[in-house]
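*Asks:* Return atomic coordinates for the entry below.
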Amino acid sequence: MLQIGTRTRVDASFRERHVFGTSRRCHPRKLFPRDSSDAFTLVELLVVIAIIGILIALLLPAVQAAREAARRSQCSNNLKQLGLALHNYHDTHKEFPPGTIGRRADGNAWVETRVPFIRHILPFIEQSGRDELYDDNISWHQQPAANRPQLFGALPTFLCPSDKPREGGLDDHYGNYGLNWGPSTFVVPNRPRSEEAPFAILYGARFGDILDGTSNTLAMMEMLQAPGSDNRGRIWNDDAGSYTLMAQTGPNSRAGDGVHYCVDDPEQNLPCTKLPNHKPDFYMASRSRHPGGVQAALCDGSVQFISETIDLNIWRAASTQSGKEVVSLQ
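*Replies:* Reported below is the predicted structural model:
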């Protein structure tokens with residue numbers, strides 16, 4: 001036992017001299033002392049955090065721009081679908097659907113069942129269920145309450161993903177695309193032919209009426225869904241100040257829309273000048289959440305992005321169908 005123990009002590013001494021050096025004071029763990037530079041100092045940590053913050057700040061706008069590009073693309077596709085629906089309706093009925101039914105041509109009193117534009121194109125945007133549910137013997141706002149959630153529910157084809165969806169007081173969901181109503185107001189007494197638009201009260205144009213050319217004439221443009229008691233964007237409401245868009249002011253104009261049921265909100269691109277409740281004088285601008293302009297469907301079914309800095313005379317000329325102007329929206 002003693003021999004074995006001695007050998008053990010000798011072996012241990014041998015390893016210590018040859019492996020860890022001859023001095024017993026040289027402890028194995030002290031052979032490779034910890035370098036204090038391996039640790040992060042507070043300054044270094046703050047620098048790393050600052051660099052990460054800068055990278056995120058640089059990357060975030062690019063991510064937001066990519067998302068907006070995708071939303072804008074979807075919005076453009078929606079307008080193309082609506083342009084195709086207009087053409088299919090024209091193929092069937094030999095004219096565009098009427099802009100609105102229910103008011104006299106002077107815009108004052110209701111003389112017929114009130115019917116919004118959207119009702120006419122339901123079969124052409126794959127909404128046969130709603131088409132069958134709609135009762136044509138009564139006005140839109142008199143539709144049975146039990147049917148309204150399904151009938152007036154959100155229509156994806158009418159929704160631009162860049163905007164927030166809204167709902168009206170009759171379970172009617174708003175939309176983002178309205179009709180080109182020309183360069184002035186809802187009703188112009190004795191409107192000259194040069195100011196006629198493809199849509200009006202009891203009127204939808206035939207291709208033969210569009211003397212300026214279908215590729216030079218606006219059909220539908222973007223609009224915003226206004227919140228609360230504001231009627232702007234109500235696609236089921238046939239009344240003025242809902243989906244009838246005029247070129248009296250330019251796209252995304254800072255000038256207020258001249259309507260009655262509105263809430264002035266310039267910060268949300270929804271300025272308005274509240275007018276007396278006299279429908280013929282109403283006018284609304286085309287508006288969007290896209291930076292720099294709005295998208296519009298032309299009467300030939302194509303879709304273009306229109307800069308908000310477009311010359312107002314060109315914008316107004318594009319809103320007429322027989323003004324004989326030579327315009328380019330490119």
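
*Asks:* Please make it C-alpha for all contacts and neighbour counts, starting now.
*Replies:* Fine.

*Asks:* Where do the strands of the stretch 1-150 of the chain begin and end?
*Replies:* Counting by DSSP state E, counting those that start in this stretch, the stretch 1-150 of the chain has strands at residues 100-103, 110-116.

*Asks:* can you put these in a markdown table and add distance to residue 208, mean neighbour count and mean pLDDT?
*Replies:* Putting the strands of the stretch 1-150 of the chain into a markdown table (distance: least, Cα to Cα, whole Å; neighbours: other Cα atoms under 10 Å; pLDDT from 0 to 100) gives the following:
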| stretch | distance to residue 208 | mean neighbour count | mean pLDDT |
| --- | --- | --- | --- |
| strand 100-103 | 21 | 22 | 88 |
| strand 110-116 | 24 | 17 | 86 |
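
*Asks:* between those strands, which one is nearest to residue 59?
*Replies:* strand 110-116 (44.7 Å; Cα to Cα).

*Asks:* Can you name every helix or strand that the closest one contacts?
*Replies:* For strand 110-116, the packing partners by 3 or more Cα pairs under 8 Å, 6 or more residues apart in numbering; DSSP states H and E come out as strand 100-103.

*Asks:* Now tell me what touches the strand it packs on from outside.
*Replies:* Applying Cα atoms under 8 Å, 6 or more residues apart in numbering, the contact partners of strand 100-103 are 109-117, 200-203, 238-239.

*Asks:* contacting residues for residue 137?
*Replies:* Contacts of residue 137 (Cα under 8 Å, 6+ apart): residue 113.

*Asks:* Find me the pLDDT at it, would you?
*Replies:* Note on residue 137: pLDDT of 94.

*Asks:* do the one 5 residues further on as well
*Replies:* Note on residue 142: pLDDT of 94.

*Asks:* and what of residue 259?
*Replies:* pLDDT at residue 259 comes out at 95.

*Asks:* Name the nearest residue to it, ignoring sequence neighbours.
*Replies:* residue 282 (5.0 Å; Cα to Cα, 6 or more residues apart in numbering).

*Asks:* Roughly how far does the one you found sit from residue 103?
*Replies:* For residue 282, the distance to residue 103 (Cα to Cα, to the nearest Å) stands at 14 Å.

*Asks:* now swap in residue 307 and tell me
*Replies:* Relative to residue 103, residue 307 is positioned 34 Å away (Cα to Cα).

*Asks:* Equivalent analysis for residue 173, please.
*Replies:* Distance, residue 173 to residue 103, by Cα to Cα: 22 Å.

*Asks:* And for residue 133?
*Replies:* 24 Å.

*Asks:* Count the residues that sit near residue 251.
*Replies:* Residues within reach of residue 251, counting by other Cα atoms under 10 Å, total 27.

*Asks:* Repeat that for residue 45.
*Replies:* Per other Cα under 10 Å, the neighbour tally for residue 45 reads 11.

*Asks:* The one 5 residues further on now?
*Replies:* Burial of residue 50, expressed as a neighbour count using other Cα under 10 Å, amounts to 12.

*Asks:* Next, the contact list for it, please.
*Replies:* Contacts of residue 50 by Cα under 8 Å, 6+ apart: none found.
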